[in-house]
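*Asks:* Sharing a model that was predicted from the sequence below.
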Amino acid sequence: MFDYRRQFDLYCGENGLGLSLSFGMPTGYGQAYGTFDPDTETVFVNAGSLSGRPDYEKAFYLFHELRHASQLLRPERFSGEVARSARYAILYDGTCCRLTGEGFASCRLNGSEGAFTALYLAQASETDANAFAYGRAKDLFGDLPGLRALYGFWTPERPVPNTTYDAVYAAIDELTGAGTDGIEAVRSEDVTPYLALLDHREENDEFYREAAENSRDIFVLRRGSETVGLSYVDDGTEGFVYVHLFPAFRRKGYGIPAVRAAERLLRNRPVRIMTGYVSGDGAAEETARRGGYIRKYSSAVMRYRGGRFPEPDLSVRKYRDEDFEEAFALSAEAFHRMRLGTGLFPDNVQAVPDGRVRRHWSETAGERYVLTADGEIAGHAKLDGDTIESVSIRISRQGQGLGRRFLQYLANRVLDGGYGEVRLWCIIGNDRARHLYDSLGFEETGRADYAEKKIPVPACPERGRNV
C-alpha cells in the first residue's frame, strides 16, 4: 500500500518546504486527482478517487502536486518559463486563472476544447511536473509499462511556441485586471541586456553586482511588452525588496506598482519587509512612503583603498557547519546589542536560529570565517567579493583589539583575491565601529536609507483535513 505521508515528508525534508497534506479535496475539485493551494500551502490528494489505482499512479499524482508546490514557493530553482507558467492555470473549457497577491483571479477565453487541452498539456510548469513525477515514481516502482503509459497520456503531442503563451498570458492578464497596476515581476534567464540601462550609483553596488552575475534573486519588471526596470527580492525570514526603474520610465507612476509586483514574490510571508534607496533621493523616498514603508535608519558605504595590512597574529579558519550554534549565537548577541546601543532600534529582538538560516549559512560556508581563541569561537564574518559583511566579536572578548585585527585579516583576504579596494557598510549611529573603520583608513563614499513595512499577521487559515 502506497504510503502518501512518508513520501510527502521525504520530499518536504529534501526541499525545505513546510507543507500540509490533505485527502479532503477543496470545493470544486472533486473530479481532480490532486491540487496545490499556495495560499494555505496545502497539497490535496484525492485518495478516494485513487483508492483502486496502482501505487505508481498514486505516487505520480502526489509528486506532480509537490512539484507544483516547489514551482510556486521556490521559483528561483526553476527556469524562467517554468516559474512564469506556474502562475497561470489553463483548463480544458477555456477557464483560466492567474495567481495574484490575493489568490487566483479567473477569466474565460474563447476557443475549442482541443486548443485549450493542448495549451494545458504543453505548459512548461505541467511538462516539468509530469516529467518529475514520472521520474520519482519510476525510482520507486521501476519503469513499468503502466507508468510509461500514464506519463504518455499527460505528454503533449507537440510543443506550443512561447510566443503563443505570451499572447495567452497577456489576454489572461488583461481580463483578470493585471492592467490595473500594469507591472509584473518575472524571472529572466539573462538580465545582461538590461545592464546598460541602469544608472550606477555607488550606494547600489550590491544590486548591480547581483544583476551583473545574473543572480536568481533578480527579476525583470515588465509592463505589457516593455521592460521598465529590474528588482532584487530576498525572500528570507525578513523580506527585502529593491526596485530599480530605468530612467526613461521614472516619474510615470510606475514606482508603487513595481514595488507591489516585487512584494508579490515574497512567498515566505514575512512579518516585515525592508527596502532601501539612496539617501537624499526624494522621489525614491516618497515612493517608499506611499508604499507603506517607514524610514528606520541610514548606513554609510565605506571603502579602503590602501595596501595590505601587516598580517595579524590570529587564529582564523573557514566556517564549518558544526560551528553554527556557537557562531550564530555570538553574532546574534553582538548585533542585538549594537542595534540597541544606537538608539535606532528600541524594539529589536535578538535573532534566534532556525533550519532555514542554518541552510543558508551552510550554502555560503565558503564565504564565512571564524576567529578562534582559547578553544572557543570568538568572532565571525563573511566576505562577498570585495565586501566585508557581518563582522561580530563575542561580547566577552570585545575591547581586546580582536575586532581591529580581524578586520585587517579580512581586508588582506579581499586584497589577496585581486580586488583593488575593500568595502563595508556602517550603520549611522554605530559610533564605536565607525571610529574603528576611520582609524584603519576606510572612507565614507555614500549613504543609503532603509525603510520598513510591517505586515499584519492574519489568523491561521483552515488547512483542510491534515493527515
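*Replies:* Yes, it's here. None of these values were measured; they are calculated from a predicted model.
*Asks:* how does this structure divide into domains?
*Replies:* Domain ranges of the chain: 4-93+117-161, 184-296, 307-440, per automatic domain parsing.
*Asks:* next one: phi and psi at residue 86?
*Replies:* Backbone torsions for residue 86, taken as degrees, to the nearest 10, come to phi -60, psi -20.
*Asks:* And for the one 10 residues further on?
*Replies:* According to degrees, to the nearest 10, the main-chain angles of residue 96 amount to phi -130, psi 150.
*Asks:* distance of it from residue 128?
*Replies:* Distance, residue 96 to residue 128, by C-beta to C-beta, to the nearest Å: 19 Å. To be clear about C-beta, it is placed using only N, CA and C from the backbone, and glycine gets the same treatment.
*Asks:* With residue 243 instead?
*Replies:* Residue 243 sits at a distance of 29 Å from residue 128 (criterion: C-beta to C-beta).
*Asks:* go on, residue 115?
*Replies:* 21 Å.
*Asks:* Show me what the helix or strand of the chain with the lowest mean pLDDT pairs with in its sheet, parallel or antiparallel.
*Replies:* One helix or strand of the chain scores below all others by mean pLDDT, DSSP states H and E: strand 103-108, with a mean of 75. In the sheet, strand 103-108 lines up against strand 95-100 (antiparallel) (DSSP bridges).
*Asks:* between the domains of the chain, which gets the lowest average pLDDT?
*Replies:* Lowest mean pLDDT of the domains of the chain: domain 184-296, a mean of 82.
*Asks:* How far does that one sit from its chain's centre?
*Replies:* 13 Å (C-alpha atoms, centre = their mean, to the nearest Å).
*Asks:* and if you look at stretch 293-302?
*Replies:* 22 Å.
*Asks:* What residues sit buried inside that stretch?
*Replies:* 293, 297, 298, 299, 300, 301, 302 (16 or more other C-beta atoms under 10 Å).
*Asks:* what's the answer for stretch 253-269, then?
*Replies:* By 16+ other C-beta under 10 Å, the buried positions in stretch 253-269 come out as 254-266.
*Asks:* Out of the residues you listed, name the ones that lie in helices.
*Replies:* Residues of those located in helices (DSSP state H): 255, 256, 257, 258, 259, 260, 261, 262, 263.
*Asks:* Can you say which two of these are spatially most distant?
*Replies:* Maximum pairwise distance in these, criterion C-beta to C-beta, is 12.7 Å, between 255 and 263.
*Asks:* On the three-state scheme, residue 84 is what?
*Replies:* helix (DSSP: H, G, I helix; E, B strand; the rest coil).
*Asks:* pretty sure it is in contact with residue 172, am I right?
*Replies:* No. At 11.8 Å, residue 84 does not count as touching residue 172 under the criterion of C-beta atoms under 8 Å.
*Asks:* ok so, going back, which one of the buried residues of stretch 253-269 is nearest residue 159?
*Replies:* Among those, residue 265 lies closest to residue 159 (C-beta to C-beta), at 27.4 Å.
*Asks:* so how far is residue 70 from the closest one?
*Replies:* In terms of C-beta to C-beta, residue 265 sits 15 Å off from residue 70.
*Asks:* burial measure for the nearest residue to residue 258 once chain neighbours are set aside, as a count.
*Replies:* Using C-beta to C-beta, 6 or more residues apart in numbering and skipping the chain neighbours, the partner closest in space to residue 258 is residue 243 (4.7 Å). Residue 243 has 31 neighbours, counted by other C-beta atoms under 10 Å.
*Asks:* Please name the bridge partners of residue 243.
*Replies:* residue 231.
*Asks:* That one is in contact with residue 256, isn't it?
*Replies:* No. Contact criterion C-beta under 8 Å: residue 243 and residue 256 do not qualify, at 9.6 Å.
*Asks:* which residues of the stretch 1-150 of the chain fall in helices?
*Replies:* 4-15, 55-73, 80-85, 113-122, 124-141, 145-153 (DSSP state H, counting those that start in this stretch).
*Asks:* Tell me which of these sits nearest to residue 280.
*Replies:* Closest among these, using C-beta to C-beta: helix 80-85, at 35.1 Å.
*Asks:* Quick one: list the elements packing against that closest one.
*Replies:* Here helix 80-85 touches helix 124-141, helix 162-175, strand 184-186, going by 3 or more C-beta pairs under 8 Å, 6 or more residues apart in numbering; DSSP states H and E.
*Asks:* Among those, which comes closest to residue 404?
*Replies:* Residue 404 lies closest to strand 184-186 among the helices and strands packed on helix 80-85, at 42.4 Å (C-beta to C-beta).
*Asks:* Please identify the buried residues of the closest one?
*Replies:* 184, 185, 186.
*Asks:* Show residues contacting it.
*Replies:* 80, 83-84, 173, 178, 219-223, 231, 233, 258, 261-262, 264-265 (C-beta atoms under 8 Å, 6 or more residues apart in numbering).
*Asks:* what does stretch 122-137 give?
*Replies:* With contact meaning C-beta under 8 Å, 6+ apart, stretch 122-137 is reached by 56, 59-65, 67-68, 71, 78-79, 81-82, 84-86, 88, 90, 120-121, 147, 150-151, 154-156, 158-160, 165.
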